[in-house]
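> Quick one, what's the 3D model for this:
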Amino acid sequence: MPRTTQFQQVYDDRIAVLHGEPDAAHRRWAIWAEQVRRGGIPCFGTDERNMCEEYDCPWRPQCRARRAAWKR
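This next block holds a predicted model:
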């Protein structure tokens, strides 16, 4: 299974916006708001994900997958 490049991710995000879907920043803010509402810290997609120990977090797979190529 081929890896998604950073360029492909940016391209896919842009296409989603053009089709009326929320962009990555909007999605990230929405998740942060939900994390705060649940009593947690807004950590989705931040450097905190590298030390995350919340295995039951519903956003964990998405959050942990979004890393810069040089960190893989």
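> contacts, neighbours, all on C-alpha from now
Fine.
> buried set for the worst-scoring helix or strand of the chain on mean pLDDT?
The helix or strand of the chain with the lowest confidence, counting by mean pLDDT, DSSP states H and E, is helix 6-18 at a mean of 74. Buried residues in helix 6-18, defined by neighbour count with 16 or more other Cα atoms under 10 Å: 13, 14.
> Could you do stretch 56-67 as well?
60, 63, 64.
> Tabulate the residues you listed (JSON lines), appending distance to residue 50.
Formatted as JSON lines, those follow (distance: Cα to Cα, whole Å):
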{"residue": "60", "distance to residue 50": "11"}
{"residue": "63", "distance to residue 50": "9"}
{"residue": "64", "distance to residue 50": "7"}
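> Sitting in helices, which of these do you find?
Secondary structure from DSSP state H places 60, 63, 64 of these in helices.
> Tell me the one of those nearest residue 46?
Checking these against residue 46 by Cα to Cα gives residue 63 as the nearest, at 8.3 Å.
> Make sure the closest one is actually in contact with residue 49.
Yes. Contact criterion Cα atoms under 8 Å: residue 63 and residue 49 qualify, at 6.7 Å.
> So what touches stretch 38-53?
28, 31, 32, 33, 35, 36, 59, 63, 64, 66 (Cα atoms under 8 Å, 6 or more residues apart in numbering).
> and with 6 Å instead?
Applying Cα atoms under 6 Å, 6 or more residues apart in numbering, the external contacts of stretch 38-53 come out as 32, 35, 63.
> want to throw those into TSV with pLDDT?
Listed next are the contacts of stretch 38-53 as TSV, based on pLDDT from 0 to 100:
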residue	pLDDT
32	92
35	92
63	84
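> and of those residues, the nearest to residue 7?
Once Cα to Cα is applied, the member of the contacts of stretch 38-53 that ends up nearest residue 7 is residue 63, at 17.8 Å.
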